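Participant: need a structure here:
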Amino acid sequence: MIDGLFALYDSRSLTNNIVLKDLIGTNDAYVVGKALTVSDGVMSGDIDTSIYFPKEILPKGYTLFTIAKYNGPNKGSIVF
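Facilitator: Numbers count the residues shown, from 1 in each chain. The predicted structure is shown next:
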(Lines give C-alpha, C1' and ligand atoms only; values in the text may rest on other atoms or scores of the structure.)
Protein backbone atom coordinates (compact mmCIF):
# COMPACT_ATOMS: atom_id res chain seq x y z
CA MET A 1 0.00 0.00 0.00
CA ILE A 2 1.15 3.54 -0.70
CA ASP A 3 1.64 5.57 2.48
CA GLY A 4 -1.27 7.98 2.92
CA LEU A 5 -3.51 6.29 0.32
CA PHE A 6 -6.93 5.74 1.90
CA ALA A 7 -8.86 4.13 -0.96
CA LEU A 8 -8.54 3.09 -4.61
CA TYR A 9 -11.36 2.62 -7.11
CA ASP A 10 -11.50 1.86 -10.83
CA SER A 11 -13.80 0.15 -13.31
CA ARG A 12 -12.69 -3.29 -12.06
CA SER A 13 -14.06 -2.44 -8.63
CA LEU A 14 -17.65 -1.82 -9.82
CA THR A 15 -19.99 -4.52 -8.47
CA ASN A 16 -23.58 -4.88 -9.73
CA ASN A 17 -23.25 -1.35 -11.21
CA ILE A 18 -23.99 0.13 -7.76
CA VAL A 19 -20.97 -0.49 -5.48
CA LEU A 20 -17.40 0.62 -6.07
CA LYS A 21 -15.31 -1.78 -3.98
CA ASP A 22 -12.21 -0.25 -2.42
CA LEU A 23 -9.31 -2.14 -4.03
CA ILE A 24 -6.98 -1.62 -1.03
CA GLY A 25 -9.32 -1.61 1.97
CA THR A 26 -12.91 -1.55 3.14
CA ASN A 27 -14.02 1.97 2.16
CA ASP A 28 -16.57 1.04 -0.48
CA ALA A 29 -18.38 3.81 -2.37
CA TYR A 30 -22.01 3.61 -3.46
CA VAL A 31 -23.74 4.66 -6.66
CA VAL A 32 -27.02 6.49 -6.05
CA GLY A 33 -29.65 7.18 -8.68
CA LYS A 34 -29.07 5.65 -12.07
CA ALA A 35 -26.43 2.89 -12.14
CA LEU A 36 -22.98 3.23 -13.65
CA THR A 37 -22.11 1.25 -16.74
CA VAL A 38 -18.68 0.01 -17.85
CA SER A 39 -17.47 -0.29 -21.43
CA ASP A 40 -13.82 -0.94 -22.33
CA GLY A 41 -12.77 -0.07 -18.76
CA VAL A 42 -14.56 3.30 -18.76
CA MET A 43 -17.29 3.98 -16.19
CA SER A 44 -20.22 6.09 -17.37
CA GLY A 45 -23.26 7.62 -15.80
CA ASP A 46 -25.67 10.44 -16.57
CA ILE A 47 -27.11 13.46 -14.79
CA ASP A 48 -29.05 11.11 -12.50
CA THR A 49 -25.93 9.22 -11.35
CA SER A 50 -24.02 10.10 -8.17
CA ILE A 51 -21.24 8.36 -6.28
CA TYR A 52 -21.08 8.73 -2.52
CA PHE A 53 -17.65 8.13 -1.02
CA PRO A 54 -17.25 7.28 2.68
CA LYS A 55 -16.07 10.11 4.92
CA GLU A 56 -13.18 7.92 6.11
CA ILE A 57 -11.32 8.49 2.82
CA LEU A 58 -11.31 12.26 3.28
CA PRO A 59 -9.05 13.20 6.18
CA LYS A 60 -8.66 16.84 7.21
CA GLY A 61 -6.18 17.55 4.40
CA TYR A 62 -6.57 15.52 1.23
CA THR A 63 -6.08 15.40 -2.54
CA LEU A 64 -8.67 13.86 -4.82
CA PHE A 65 -7.39 12.61 -8.16
CA THR A 66 -9.95 11.96 -10.86
CA ILE A 67 -10.22 11.89 -14.62
CA ALA A 68 -13.63 13.00 -15.83
CA LYS A 69 -15.06 14.01 -19.20
CA TYR A 70 -18.44 15.24 -20.39
CA ASN A 71 -20.17 13.02 -22.91
CA GLY A 72 -23.30 14.66 -24.30
CA PRO A 73 -25.14 17.97 -24.19
CA ASN A 74 -25.54 18.32 -20.39
CA LYS A 75 -22.80 20.41 -18.81
CA GLY A 76 -22.61 20.77 -15.04
CA SER A 77 -20.46 19.75 -12.11
CA ILE A 78 -18.77 16.40 -12.49
CA VAL A 79 -16.84 16.40 -9.19
CA PHE A 80 -17.90 18.65 -6.34
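
Participant: C-alpha from now on. contacts and neighbour counts both.
Facilitator: Noted.

Participant: now do the SS call for V38.
Facilitator: Put simply, V38 is strand when judged by DSSP: H, G, I helix; E, B strand; the rest coil.

Participant: and the gap between it and P59?
Facilitator: To P59, V38 is 29 Å away according to C-alpha to C-alpha, to the nearest Å.

Participant: out of the two, which sits in the more crowded spot?
Facilitator: Using other C-alpha atoms under 10 Å as the criterion, V38 and P59 rank with V38 on top: 13 against 10.

Participant: ok, the more buried one - contacts?
Facilitator: V38 makes contact with S11, S44, according to C-alpha atoms under 8 Å, 6 or more residues apart in numbering.

Participant: measure it to G4 for me?
Facilitator: According to C-alpha to C-alpha, V38 stands 28 Å off from G4.

Participant: just A29 next, same as before
Facilitator: Going from A29 to G4 by C-alpha to C-alpha gives 18 Å.

Participant: who has more neighbours, these two?
Facilitator: Between A29 and G4, counted using other C-alpha under 10 Å, A29 has the larger neighbour count: 21 against 8.

Participant: wait, the more buried one touches D22, no?
Facilitator: Yes: taking C-alpha atoms under 8 Å as the definition, A29 is a contact partner of D22 at 7.4 Å.

Participant: overlap in contacts, the two.
Facilitator: Taking C-alpha under 8 Å, 6+ apart as the criterion, A29 and D22 do not both touch any residue.

Participant: nearest residue to the middle of this protein?
Facilitator: Centroid-nearest residue in the chain, with C-alpha atoms, centre = their mean: I51, separated by 5.6 Å.

Participant: what helix or strand is the residue located most distally from the centre of the chain on?
Facilitator: Using C-alpha atoms, centre = their mean, the residue of the chain lying farthest from its centre is P73. It sits 21.6 Å away. Assigned by DSSP states H and E, P73 belongs to neither a helix nor a strand.
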